[in-house]
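*Asks:* Starting from these lines, generate the structure:
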Amino acid sequence: MQVPGQATSVSATAALDRARALHAACPVVDGHADTLDRSLDGHLAFGGSQPGLHFDVPRFAAIGGALQFLSLWVPGDVTGDRALHRAMRLVGVLREGLRRQGGFSILDRIKDRIPGVPGVMLSFEGADPLADDPKLLEAFHALGVRMVSLTWNGRNGFADGLLVSDRPSGLTRLGRDLLRRMADLDMVLDLAHIAEPGFWDALDAYPGRVVVSHANARAVCDHPRNMDDDQIRAIAERGGVIGTVLYPRFIGGEGDLATLALHVQHLQGVGGHGVLGLGADLDGISALPAGFEGVQDLPRVTAALLEAGLDETAVAAWLGGNWLRVLSGAEEVA
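*Replies:* Have a look, this model is predicted:
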């Protein structure tokens with residue numbers, strides 16, 4: 001039986017041709033990459049060609065890249081003022097790249113997007129750079145941070161991450177304060193990495209836009225970083241997006257693109273095609289699916305979805321349309 005919203009499977013060659021046409025016609029948006037971290041530690045310039053990284057701006061532009069979220073991630077053992085300092089150095093990598101390399105824009109609002117010019121927005125992968133001081137959010141917002149996840153995998157002053165195994169708790173008082181400040185600034189709440197009690201606390205407490213920037217479906221791969229069906233439905237009911245990840249450990253099975261397509265199909269089956277998105281986690285993952293070597297190969301992922309039978313409407317929504325909808329709010333996106 002054909003699933004609603006799907007089309008008949010197509011050959012690999014035809015799917016890749018259709019994928020390239022979609023990339024030429026549809027803005028591509030990726031909800032998560034750790035390229036600034038890799039650039040800082042590798043003393044690499046951001047913006048120009050960097051074949052040793054998963055992502056760089058020229059390759060992203062070549063496959064229709066419209067917007068890339070870049071995380072200000074700090075390792076779990078870097079806390080307090082050291083976390084704040086590292087995050088500022090990551091911002092510096094981005095700003096220096098814009099000044100020296102160019103070729104992209106740092107966007108405050110999605111409506112400022114320039115057709116044909118890749119844009120970037122900043123995000124927190126864990127709010128540790130705030131050093132347990134929610135008042136610092138205002139300054140980071142001024143620097144371009146538009147999306148915030150409260151935790152990475154561990155515990156901080158705002159909530160518990162999903163690797164806190166000893167009876168993880170939900171939001172703290174500071175966490176609720178941070179959500180209020182985020183709402184005042186109309187920021188996007190990212191529920192990737194947070195422990196389940198905090199997931200539900202934050203979803204209830206936050207009135208604004210809610211997403212999961214990078215995760216797959218737990219029903220397909222039973223990994224704690226993936227979303228169960230109740231979580232998928234909850235994000236879909238809020239009009240949010242779940243960005244599918246290219247990490248083989250989160251894909252499961254053979255860790256290949258065909259299995260990733262099963263995740264996208266499951267997400268659509270549970271939450272509708274409005275919940276579909278891309279959150280590849282480039283430069284933040286230690287392995288890639290076979291046949292994928294970097295952002296230049298995103299059309300191969302798109303082709304795998306078409307080959308699996310998803311129709312072009314769903315694939316275009318996954319490719320960037322849903323992210324643009326969430327980021328624009330009531331604004332109509334061309």
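*Asks:* so the nearest residue to Gly208 once chain neighbours are set aside, which of the three states?
*Replies:* Of all residues not flanking Gly208 in the chain, Ala183 sits nearest, at 5.1 Å (Cβ to Cβ, 6 or more residues apart in numbering). No exception for glycine: its C-beta is placed from N, CA and C like everyone else's. What DSSP: H, G, I helix; E, B strand; the rest coil gives for Ala183 is helix.
*Asks:* Could you pull up the residues touching Ala183?
*Replies:* By Cβ atoms under 8 Å, 6 or more residues apart in numbering, the contact set of Ala183 is Tyr206, Pro207, Gly208.
*Asks:* Of these, just the buried ones, ChimeraX syntax please.
*Replies:* The following ChimeraX line selects those of those that are buried, judged by 16 or more other Cβ atoms under 10 Å:
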select :206
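*Asks:* So which of the contacts of Ala183 are in helices?
*Replies:* Using DSSP state H, no member of those sits in helices.
*Asks:* and the contacts of Ala183 as CSV, adding pLDDT and distance to Glu307?
*Replies:* Converted to CSV, the contacts of Ala183 look like this (pLDDT from 0 to 100; distance: Cβ to Cβ, whole Å):
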residue, pLDDT, distance to Glu307
Tyr206, 98, 37
Pro207, 97, 40
Gly208, 97, 36
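*Asks:* could I get the contacts of Ala183 as CSV with distance to Arg325?
*Replies:* Shown next, in CSV, are these (distance: Cβ to Cβ, whole Å):
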residue, distance to Arg325
Tyr206, 18
Pro207, 18
Gly208, 14
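*Asks:* out of the contacts of Ala183, who's nearest Leu262?
*Replies:* Tyr206 (30.2 Å; Cβ to Cβ).
*Asks:* Which residue comes closest to Asn226 once chain neighbours are left out?
*Replies:* Per Cβ to Cβ, 6+ apart, closest to Asn226 is Arg218, 4.0 Å.
*Asks:* Pretty sure the one you found sits against Met227.
*Replies:* Yes: with contact defined as Cβ atoms under 8 Å, Arg218 reaches Met227; the gap is 5.9 Å.
*Asks:* measure Ala159 to Pro168 for me?
*Replies:* 9 Å (Cβ to Cβ, to the nearest Å).
*Asks:* cool, and Ile194?
*Replies:* Distance from Ile194 to Pro168, by Cβ to Cβ: 9 Å.
*Asks:* Also Leu310?
*Replies:* Counting by Cβ to Cβ - Leu310 and Pro168 are separated by 35 Å.
*Asks:* More neighbours: the two, which one.
*Replies:* Leu310 (26 against 18; other Cβ atoms under 10 Å).
*Asks:* Strands along this protein, start to end?
*Replies:* 28-30, 65-71, 105-106, 119-125, 145-149, 188-190, 210-211, 242-244, 276-278 (DSSP state E).
*Asks:* Dump those strands to CSV, plus mean pLDDT, distance to Lys135 and mean neighbour count.
*Replies:* As requested, those are exported to CSV (pLDDT from 0 to 100; distance: least, Cβ to Cβ, whole Å; neighbours: other Cβ atoms under 10 Å):
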stretch, mean pLDDT, distance to Lys135, mean neighbour count
strand 28-30, 98, 30, 26
strand 65-71, 98, 22, 25
strand 105-106, 97, 23, 16
strand 119-125, 98, 15, 23
strand 145-149, 98, 14, 24
strand 188-190, 98, 18, 26
strand 210-211, 98, 23, 25
strand 242-244, 98, 29, 29
strand 276-278, 98, 31, 28
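*Asks:* Identify whichever of these lies nearest to Ala304.
*Replies:* Here strand 242-244 is closest among the strands of the chain (Cβ to Cβ), at 11.1 Å.
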